[in-house]
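**Q** Quick one, fold the following:
(chains A and B)
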Amino acid sequence: MSENKALLSIENVETYYGNIRALSGVTVHADAGEIVTLIGANGAGKSTLMMTIFGMPRARTGRIMFDGKDITHLPTHEIARLRIAQSPEGRRIFPRMTVQENLQMGASLDKLEFFDEDVRKVFDLFPRLKERINQRGGTLSGGEQQMLAIGRALMARPRLLLLDEPSLGLAPLIIKHIFEAIKELNKTTGLTVFLVEQNAFGALKLADRGYVMVNGIVTMSGASKDLLANPEVRAAYLEGGRH
Amino acid sequence: MADVQTSKAESTIAKAIKEGLFAAALALGLFLLIVGFRTDQNIRNELVLNQRWGLLAIFVLVAGFGRFFLTAYVTPWNAARAAKKRTAVAKEAKEQSSFRKSFPKIGLAILFIYPFLVISILAAYNGSMMGGLQGSLKYVDNFGIQILIYVMLAWGLNIVIGLAGLLDLGYVAFYAVGAYSYALLSTHFGLSFWLLLPMAGIFAALWGIVLGFPVLRLRGDYLAIVTLAFGEIIRLVLINWTVVTKGTFGISGIAKATLFGIPFTPGPGGFANLLGLPNSGVYYKIFLYYLILFLALLTAWVTIRLRRMPIGRAWEALREDEIACRSLGINTTTTKLTAFATGAMFGGFAGSFFAARQGFVSPESFVFLESAIILAIVVLGGMGSLVGIAIAAAVMIGGTELLRELEFLKLVFGNDFTPELYRMLLFGLAMIVVMVWKPRGFVGNREPSAFLHKRKMISSEFTKEGHG
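**A** Numbers count the residues shown, from 1 in each chain, chains lettered A, B, ... in the order given. You can find the predicted model right below:
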């Protein structure tokens, strides 16, 4: 696989909830080693796109390719087994299981042979989780739960990491910490990251490239720098949002 | 300072009196027509109005004084206790954990010596060995075996409900499948109990998968309704498929279990004869006791092992969040089906044991109430907790059996009083009390299932650093 070939490519995907079209003709790709972000307002369809990659809900038309393989119609767990990991919207950690057990669940694919090594990496990234190792997931603070959700996704040794609004409801300092951790991860391991965010400024500063989504349609795309400078993007997502 | 406290106490009393009067007035209004008057027919078939002021007064007084005591004493006492508990929480937690650790071991030891304990106590009481043997029948059979059957069923159901979080209201169907598998195959083909025990488990597991497939997409209340229907279907098939199951007559004369081929029959070749013991039915009961104890412990052991294995963790994760499970690469279809099959298998084991113990099976034994009782035991014990469920089974089943024995209640309530009739009422009351007092069951905390050796390695290393 060459460097510039897309690791993930979403081509002309349309997704419906019943009769309501949530995504119309979305085409997005992420190259290996890139951080790509998808920004947009509430209800634009960002999370739907994220879940469509996992087949929940399934794309009605178009196709989704991962590493040259068509994954549009694969069952969700088989998509995950291709080493696509996700920190889903609302974090979805297992509240009654401990931090350690949550991390074990993330490593379900590997019979735990890399568990010690990977858990150490996660704890290097989020030292706070180390202190909480035997605490139940549900008793963690929001920021810690987000760290756990990302940590759990990393335990799967992903080739592609999908992050759905990791900054949702968190304090600016914690957001900064999490974004730095993502950047660090990308730089040291070359992990491809697909980031869905409402926090447009932070996401664009972090990412290499960006897409803007409005009402289920990708309206703009380009290098993050260009998007940050784009007056339309500035007016819609940045000005007034950046205090 | 003291003034403030007395005035506070006074205001509580005043409030209690006010609420008590209000409750009494409410009761008066409510029961005046329901309890205060009663129409009877006299000998000429005329309606006469009877006034029952005394009874009405009792109702009103109970309501009024009950409310008064509740507000004046019970509520402040509860509040004080809660406050005290909050301050002493750290200390208590430590003491409790050491007790909790040793509790299963002590309980197990008692379970193992239970039949001999009963026999020796009764033998000493009656002054003869034979008296001890015969007297122990009731305690070993009605209490020991009966409770252990429910412990096993509840532990089996616990896999489905407590671990995988799939609300199954038709669990008794698998119990029935196990019982009828043994009954039919043993009466028609003369196969032995030890061969049919695993077969009954396998049949039940297959039925578990049969049930599992259509309900894969259902959760919560929808799942509950379909499983409830499944339980009823199995029962109705047993009633109506008379050619095979003999319908409501049931199947009788089912062969008893043997101990490695030694039958528990009187006369030459039997267990008592071989060992030179006096003839008694109690040996078979004691044998059955240890058999069901073994089966129940097998269930517990398998549950404990599975919880530490990937499949067990997948069950628990499935209970918490199905979508997260799927996106972590867990095949939720096979995970659910294995949960249904494993739970059903233990139901099947228990069923074949039941058939061997009774020597008779009929659809009467597999009504919905049985499913409800097993479910109640799981919920009362605390979903997922083996120890809690065992305690709940002992309390619920042992308690209802015990109520049959409470002759002294006749002294209190008069000779017409039959405690058996109030069994279910007290059963229900006890359930409500437990649910109010401990909403998550006797043992509501989920024990983390982190593994043995690896866990130590990780936790000691990291917790040390965590303090820095």
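**Q** what about the residue of the stretch 201-350 of chain B found nearest chain A, which SS state?
**A** When scored by C-beta to the nearest C-beta, the stretch 201-350 of chain B has B:G329 as its residue closest to chain A, at 3.5 Å. Quick note: C-beta positions are derived from backbone N, CA and C, even for glycine. Secondary structure assignment for B:G329 (DSSP: H, G, I helix; E, B strand; the rest coil): coil.
**Q** residues near the residue lying closest to it once chain neighbours are set aside, how many?
**A** Distance criterion C-beta to C-beta, 6 or more residues apart in numbering or on different chains; nearest residue to B:G329, sequence neighbours excluded, is A:A80 at 3.5 Å. By other C-beta atoms under 10 Å in any protein chain shown, 26 other residues sit near A:A80.
**Q** In this structure the residue of the stretch 201-350 of chain B closest to chain A contacts A:H77, no?
**A** Yes. Counting by C-beta atoms under 8 Å, B:G329 does reach A:H77; the two are 5.1 Å apart.
**Q** List the contacts of B:A24.
**A** B:60-61, B:63-64, B:67 (C-beta atoms under 8 Å, 6 or more residues apart in numbering or on different chains).
**Q** at 10 Å what do you get?
**A** B:A24 is in contact with B:59-68, counting by C-beta atoms under 10 Å, 6 or more residues apart in numbering or on different chains.
**Q** For chain A, which segments count as helices?
**A** A:46-53, A:76-81, A:99-106, A:115-125, A:127-131, A:142-154, A:172-189, A:200-206, A:224-229, A:231-233 (DSSP state H).
**Q** same check, this time on the stretch 251-400 of chain B
**A** Here the stretch 251-400 of chain B has its helices, by DSSP state H, counting those that start in this stretch, at B:271-275, B:282-308, B:310-320, B:322-327, B:332-358, B:368-381, B:386-393, B:399-405.
**Q** Tell me which of those sits nearest to B:K84.
**A** Smallest distance to B:K84 across the helices of the stretch 251-400 of chain B (C-beta to C-beta): 24.5 Å, for helix B:386-393.
**Q** Would you mind listing the residues in contact with A:L154?
**A** Neighbours of A:L154 in contact, by C-beta under 10 Å, 6+ apart: A:85, A:87, A:103, A:106-107, A:118-119, A:121-122, A:125-126, A:161, A:181, A:185, A:189, A:191.
**Q** Whichever of those end up buried, select them in PyMOL.
**A** Buried subset of the contacts of A:L154, written as a PyMOL selection, criterion 16 or more other C-beta atoms under 10 Å in any protein chain shown:
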select buried, chain A and resi 85+87+103+106+107+118+119+121+122+125+126+161+181+185+191
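**Q** Pick out the most distant pair among the contacts of A:L154.
**A** Top of the distance list for these (C-beta to C-beta): A:A107 and A:A181, 18.8 Å.
**Q** Tell me the residue of chain A that sits nearest chain B?
**A** A:A80 (3.5 Å).
**Q** ok, longest helix in chain B?
**A** Chain B, longest helix under DSSP H: helix B:89-126.
**Q** For it, enumerate the helices and strands it packs against.
**A** If contacts are counted by 3 or more C-beta pairs under 10 Å, 6 or more residues apart in numbering or on different chains; DSSP states H and E, helix B:89-126 sits against helix B:129-138, helix B:146-158, helix B:282-308, helix B:386-393.
**Q** For that helix, what does the pLDDT average out to?
**A** Helix B:89-126 carries an average pLDDT of 75.
**Q** can you put the helices of the stretch 251-400 of chain B in CSV and add distance to chain A, mean neighbour count and mean pLDDT?
**A** Formatted as CSV, the helices of the stretch 251-400 of chain B follow (distance: least, C-beta to the nearest C-beta, whole Å; neighbours: other C-beta atoms under 10 Å in any protein chain shown; pLDDT from 0 to 100):
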stretch, distance to chain A, mean neighbour count, mean pLDDT
helix B:271-275, 48, 14, 76
helix B:282-308, 10, 19, 92
helix B:310-320, 4, 22, 92
helix B:322-327, 4, 22, 90
helix B:332-358, 7, 26, 95
helix B:368-381, 16, 21, 91
helix B:386-393, 15, 25, 91
helix B:399-405, 30, 15, 78
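**Q** That's all I had, so thanks and see you.
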